[in-house]
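J.: sequence first, then the predicted structure:
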Amino acid sequence: MKRFYYSAVIFTGFFLGTNNLIQAQQVVGVAEAIRMTLERNVQIKQAELSKDLAAQDLFQSKSNLLPDLRASVEQNFRYGFAFDLTSAQIVNNAWTRTTNGSVGSSVNIFQGFQQVNQIKANKFQLESSATQVEKVKNDLVLNVLVNYLEAITNHELMVASEDQIALSKQQFSLDSIQFAVGNKTIADIAKSKNQVATNELNKVNLKNSYEMSLLTLKQLMEMPPETVISLERPSLESVLVNAEDKNAIDVYQKALIRQPDILKSALDKEVALKQIDIAKGDITQHSI
């Protein structure tokens, strides 16, 4: 009875463990991988924080055009000799109190247009930071697509390598039989055995490439490395249906307008030109 109880416990534990493993495995499609990457990736959050900082820099540069206002109040207590303004006499051993206050303001009248150019530079910098967010998203989507297709390709090649191993082993068995009857030489046997080892090594390399692609994909999606996932093979028919017939010139012209890298480079150039104007304004200010 105890033996049956222990067997039931072991079987139940094995079943639950297998069930948890099945539940933990997550099937990820290419659209789901892109969505999780755009929602979780830290690079996007860092780019958005840089954009917020650029917005604050623009606000601060605009605020610098306003006049500043300063106010101070000072109060002093003193014990000893003092002059009483009421009686116009010098009094001894008396407490005196004095209160002073001041209010001041200043504004820059001319500073070589440095502040105006700084505002323009910060505007371009804010637009550049916003474009950087789109650039990061675009790069992440491309990386997800590349690693996703790489993983699927490596998995298909790994499955095909198993067939190659089976065929090479079968060929090795046939060559061994032929060698036993004298129709094959030792060199033929060595060649067949070497082919089996080569195919097995190829399978190991493909498995490592597949696992590396999965690990890179998990890092992009900000998933724990121990998470078990399987990739959903995209349907070729749906890709062909949604495909558009475009020539290379149209793709190139649209890339010049839409690619975040090109837009960001143009905005960074404008920021650099405004920085030059700011430096020239500093020279003009000192010369005046």
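T.: Structure received.
J.: show me where the stretch 101-250 of the chain has strands.
T.: 229-231 (DSSP state E, counting those that start in this stretch).
J.: residue ranges in it under the pLDDT threshold?
T.: Along the stretch 101-250 of the chain, the parts satisfying pLDDT under 70 run over 107, 110-112, 236-245.
J.: where along it do the helices fall?
T.: For the stretch 101-250 of the chain, applying DSSP state H, counting those that start in this stretch gives helices covering 114-180, 186-220, 236-242, 248-258.
J.: redo those helices as JSON lines? Include distance to residue 230 and mean neighbour count.
T.: Using the backbone N, CA and C atoms, a C-beta is placed for each residue, glycine as well. Output for these, formatted as JSON lines (distance: least, C-beta to C-beta, whole Å; neighbours: other C-beta atoms under 10 Å):
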{"stretch": "helix 114-180", "distance to residue 230": "9", "mean neighbour count": "17"}
{"stretch": "helix 186-220", "distance to residue 230": "9", "mean neighbour count": "16"}
{"stretch": "helix 236-242", "distance to residue 230": "19", "mean neighbour count": "8"}
{"stretch": "helix 248-258", "distance to residue 230": "33", "mean neighbour count": "10"}
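J.: a markdown table for the ones you listed, including distance to residue 101?
T.: As requested, the helices of the stretch 101-250 of the chain are exported to a markdown table (distance: least, C-beta to C-beta, whole Å):
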| stretch | distance to residue 101 |
| --- | --- |
| helix 114-180 | 30 |
| helix 186-220 | 62 |
| helix 236-242 | 74 |
| helix 248-258 | 60 |
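J.: nearest to residue 50, of these?
T.: Within those, the stretch nearest residue 50 is helix 114-180; the backing value is 5.2 Å (C-beta to C-beta).
J.: any idea of the angle the closest one forms with helix 248-258?
T.: On the basis of axes from the mean of the first three to the mean of the last three C-alpha atoms, to 10 degrees, helix 114-180 is oriented at 140 degrees to helix 248-258.
J.: just the angle between helix 114-180 and helix 186-220, please?
T.: 150 degrees.
J.: thanks a lot, see you next time.
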